[in-house]
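Engineer: Sequence and predicted structure below; questions after.
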Amino acid sequence: MAVLAVVRIRGTVNVRRPVKDTLKLLRLHKPNHMVLVRDNPSILGMLRKAWTQITWGEINAETLAYVLERRGRKPGNKPFTLNDVKKLGYESYLDLAKAILSGEMELKELFKVIKPVFRLHPPSGGYKGSVKKGVPEGGELGYRGEKINELIMRMA
């Protein structure tokens, strides 16, 4: 089962209550926050409901390793270090990322060690399209597949 990266793009002004509640359940409280979720029908329903505020796609191992290294935080807002990775039984961030993507390590187990939300910067160079339109119309919102990795690398 694939791991999806979900990034909140837009803020909270004029957001309908069901969408606001869905974003709360996804732990996406602020713009430029990212969460990791497993690709299953219930999560996809939530993503489709909140598509006017978020973008998502399949994250690859290199991008996930980069985000874990640069933006991973433990409780108390301390950095997630290589020593923490080794305590989990992996040699590098990339090994941990591959284990997460293969399903060898559950996200629930990972989130016992690090915070489930990654706080990213706004993308360098800004968003390439409108933040009010979906990806098919040339915007930034909704499902973008593998191209989520390019956006995350510009934000990390």
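Structural biologist: Received, thanks.
Engineer: isn't there a strand covering Val131?
Structural biologist: Yes - counting by DSSP: H, G, I helix; E, B strand; the rest coil, Val131 falls inside a strand.
Engineer: Got the confidence number for it?
Structural biologist: If you check Val131, the pLDDT there is 91.
Engineer: swap in Tyr127?
Structural biologist: pLDDT recorded at Tyr127 is 90.
Engineer: before we move on, which element is it in?
Structural biologist: Using DSSP states H and E, Tyr127 maps to neither a helix nor a strand.
Engineer: so it makes contact with Ile9?
Structural biologist: Yes - counting by C-beta atoms under 8 Å, Ile9 is a contact partner of Tyr127 at 7.3 Å. Every residue, glycine included, has its C-beta placed from N, CA and C.
Engineer: Please enumerate the shared neighbours of those two.
Structural biologist: Counting by C-beta atoms under 8 Å, 6 or more residues apart in numbering, the shared contacts of Tyr127 and Ile9 are Glu140.
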